[in-house]
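Undergrad: just the structure for this:
(2 chains)
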Amino acid sequence: AQKVTQAQTEISVVEKEDVTLDCVYETRDTTYYLFWYKQPPSGELVFLIRRNSFDEQNEISGRYSWNFQKSTSSFNFTITASQVVDSAVYFCALSERDAGNMLTFGGGTRLMVKP
Amino acid sequence: DAGVTQSPTHLIKTRGQHVTLRCSPISGHKSVSWYQQVLGQGPQFIFQYYEKEERGRGNFPDRFSARQFPNYSSELNVNALLLGDSALYLCASSLQGRLGRGGREETQYFGPGTRLLVL
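TA: The predicted model follows:
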């Protein structure tokens, strides 16, 4: 069965610091999909990134970057020069090939960026 | 374009009652999924519907049921409410019902959720 672990329940940084959110996953499937979602206080989950297991290329989008390491089953998320608006709960999620689009979420990491 | 909408936004019920939550997907989206998010935890998958057929069911009791209508909107029903059913219920929609090579048509977009409190 699939599982996603986000060991950091809460992280607090000062604005402009870099911060990395860890995500470790478990799956028996050779084809799977990894995601990061952001959940601001309003509650709505906002899609950030998707990575396919067959595409190990890392990605950068502005201040956000993602490091996919198949060898360690990790999909970490780094925010460079954090801002107060980055404060939210961040979820890592996994979907397996034959699971429709069912997402298995980790427990989330609450990020607090202080001015 | 309007995003995923859910109603009601908040709801208070007592134990033993039943509740119906509603979801309208993004226009053109045929897949709707429901998730339960208990306070302090990650969302848990309840159901997926695609083209009005159930495509997946999570580990929830039979008190939970859902359906999808011809216009692709969906309802989640919970009978015999328990205190532990208190949660944020999230609906997500996507154009496609499964994942493949990628693309926007496979991305799931979430609604703002319905906060259910069972007393």
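Undergrad: contacting residues around residue B:10?
TA: Contact analysis of residue B:10 by CB atoms under 8 Å, 6 or more residues apart in numbering or on different chains lists B:114, B:115, B:117. Heads up, the C-betas are built off the backbone N, CA and C, glycines and all.
Undergrad: name the SS class of residue A:37, please.
TA: Going by DSSP: H, G, I helix; E, B strand; the rest coil, the secondary structure assigned to residue A:37 is strand.
Undergrad: get me the contact residues on chain B for chain A.
TA: Proximity of chain B to chain A, by CB under 8 Å from any CB of the partner chain, involves residues B:31, B:33, B:35, B:41-45, B:48, B:50, B:55-56, B:58, B:88, B:90, B:92, B:94, B:96-99, B:101-102, B:106-113, B:115.
Undergrad: picking that back up, need the buried ones from the contacts of residue B:10 selected in ChimeraX.
TA: Here is the ChimeraX selection string for the buried members of the contacts of residue B:10, based on 16 or more other CB atoms under 10 Å in any protein chain shown:
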select /B:114,115
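Undergrad: in chain B, what residue lies closest to chain A?
TA: For chain B, the residue positioned closest to chain A under CB to the nearest CB is residue B:42, at a distance of 3.4 Å.
Undergrad: what's the PyMOL line that selects buried ones from the residues of chain B next to chain A?
TA: Selecting the buried subset of the residues of chain B next to chain A in PyMOL, with 16+ other CB under 10 Å as the burial test, is done by:
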select buried, chain B and resi 31+33+35+42+43+44+45+48+50+55+56+58+88+90+92+94+96+97+98+99+106+107+108+109+110+111+112+113+115
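Undergrad: take the residues of chain B next to chain A and keep only those in strands.
TA: Secondary structure defined by DSSP state E assigns B:31, B:33, B:35, B:44-45, B:48, B:50, B:55-56, B:88, B:90, B:92, B:94, B:109-110, B:115 of those to strands.
Undergrad: how far off centre is the lowest-mean-pLDDT helix or strand in chain A?
TA: Here the helix or strand of chain A ranked lowest by mean pLDDT, DSSP states H and E is strand A:59-61, holding a mean of 85. The offset between the C-alpha centroid of strand A:59-61 and the centroid of the whole chain comes to 13 Å, using CA atoms, centre = their mean, to the nearest Å.
Undergrad: contacts for that strand, please.
TA: So strand A:59-61 is in contact with A:49, A:51, A:65, A:66, going by CB under 8 Å, 6+ apart.
Undergrad: beta partners of the most centrally placed residue in chain B?
TA: When chain B is reduced to its mean C-alpha position, the nearest residue by CA atoms, centre = their mean turns out to be residue B:34, at 2.5 Å. Here residue B:34 sits in beta bridges with residue B:47, residue B:91, as judged by DSSP bridges.
Undergrad: mind listing what it touches?
TA: For residue B:34, the contacting residues are B:21, B:23, B:45-48, B:66, B:74, B:76, B:89-92, taking CB under 8 Å, 6+ apart as the criterion.
Undergrad: same thing with residue B:51?
TA: Contacts for residue B:51 were tallied using CB under 8 Å, 6+ apart; they are B:30, B:68, B:97.
Undergrad: before I go, just wanted to say thanks for your time.
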